[in-house]
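Colleague: Show me the folded form of this:
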Amino acid sequence: MNDNRSVQRCLAILRGFRGGPGQSLTALSKAVDLPHSTVLRLLNTLQGEGYVRKEGTLWSLTPQLLEIGFAALANTGVNEFIQSSLQALANRCNGTVNIGEKGRDEVIIIARASSDSERRKIVVVNLRVGSSMPDTSALYRALDMAEDSWAIARYTDRKVTTLGIPLFSGQSRSLSLGLSVNDDEYPLEKIEGELLAILRAERDQIRRLMRLGEV
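Modeller: Numbering: from 1, shown residues only. Sure thing, here's the model as predicted:
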């Protein structure tokens, strides 16, 4: 078997655990559209490397995979100064701030900060660093936009509005910056008239801290 194909299939299997721990061979085979025998062989390889484990008939990822995750986070360019800046903005607007990076057909959250009041709420959508958001989200639609453009998404069921602006676009990566706030505190006219300017100022700060656009 072609080595590149094997790597692609292993990665597909690892992504198959997004549904949670305790995945059966049948469920994983269906998720990656591969025969049971192929998936089992690759799972055994991943188990030998310490990245998955088997309990009874169910498979789960192991904490060893966090080594790769932490290495990936270290390569995003997000440090404690950027995180502090995001937290200050979240507290100021009583909302949640995200930095997203473009994936294949989604945007992946690489940094996130929420105000105390937001963290205390019962969260309907369980988003965190590493979570993916669809192409309908403001964070995704803001990717690769013109500098002065912006995207907005309204979630009336949760009374939340998200504003997204482009952060950086280069040959190897594309980033966006998003801010989600409560509709009761920020009606649409206040979002457009006040928050947009605040978010753009934060963008300038993040660009300096991440040294985006340099060399």
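
Colleague: Please count neighbours and contacts with C-alpha atoms only from this point.
Modeller: OK.

Colleague: Secondary structure of residue 100: a helix, I assume?
Modeller: No: counting by DSSP: H, G, I helix; E, B strand; the rest coil, residue 100 is not part of a helix but strand.

Colleague: Roughly how far does it sit from residue 23?
Modeller: Taking CA to CA, to the nearest Å as the measure, residue 100 falls 28 Å from residue 23.

Colleague: more neighbours, the two?
Modeller: residue 100 (30 against 20; other CA atoms under 10 Å).

Colleague: Can you name the residues that contact the more buried one?
Modeller: Residues in contact with residue 100 (CA atoms under 8 Å, 6 or more residues apart in numbering) are 107, 108, 109, 110, 111, 139, 140, 175, 176, 177, 178.

Colleague: bridging residues for it?
Modeller: Beta-bridge partners recorded for residue 100 (DSSP bridges): residue 109, residue 176.

Colleague: What helix or strand is residue 39 located in?
Modeller: Using DSSP states H and E, residue 39 falls within helix 36-48.

Colleague: what helices or strands is that helix leaning on?
Modeller: helix 3-15, helix 25-32, strand 52-55 (3 or more CA pairs under 8 Å, 6 or more residues apart in numbering; DSSP states H and E).

Colleague: make it 10 Å
Modeller: The contact analysis (3 or more CA pairs under 10 Å, 6 or more residues apart in numbering; DSSP states H and E) places helix 36-48 against helix 3-15, helix 25-32, strand 52-55, strand 58-61.

Colleague: Counting neighbours, which of the contacts of residue 100 comes out on top?
Modeller: Tallying neighbours with other CA under 10 Å puts residue 139 at the head of the contacts of residue 100, with 33 neighbours.

Colleague: Can you tell me the closest non-neighbouring residue to that residue?
Modeller: residue 164 (5.0 Å; CA to CA, 6 or more residues apart in numbering).

Colleague: What are the contacting residues of the helix or strand harbouring residue 66?
Modeller: In this structure, residue 66 sits in helix 66-74 according to DSSP H and E. Residues outside helix 66-74 that contact it (CA atoms under 10 Å, 6 or more residues apart in numbering): 51, 63, 75, 79, 110, 111, 129, 130.

Colleague: I'd like to know which of those residues is nearest to residue 195.
Modeller: residue 111 (19.3 Å; CA to CA).

Colleague: hang on, the closest one in a helix?
Modeller: No: with three-state DSSP as the criterion, residue 111 is located in strand rather than a helix.

Colleague: before we move on, the earlier item: mind listing the residues bridging to the residue nearest to residue 139?
Modeller: residue 151, residue 178.

Colleague: quick one: contacts for it?
Modeller: By CA under 10 Å, 6+ apart, the neighbours of residue 164 are 97-100, 137-143, 145, 149-153, 176-180, 196, 199-200.

Colleague: repeat that for 8 Å
Modeller: 138, 139, 141, 142, 150, 151, 152, 176, 177, 178, 179.

Colleague: so can I have a markdown table of the residues you listed showing distance to residue 205 and pLDDT?
Modeller: As requested, these are exported to a markdown table (distance: CA to CA, whole Å; pLDDT from 0 to 100):
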| residue | distance to residue 205 | pLDDT |
| --- | --- | --- |
| 138 | 21 | 97 |
| 139 | 18 | 97 |
| 141 | 22 | 97 |
| 142 | 18 | 97 |
| 150 | 18 | 97 |
| 151 | 20 | 97 |
| 152 | 22 | 97 |
| 176 | 14 | 97 |
| 177 | 12 | 97 |
| 178 | 14 | 97 |
| 179 | 15 | 97 |
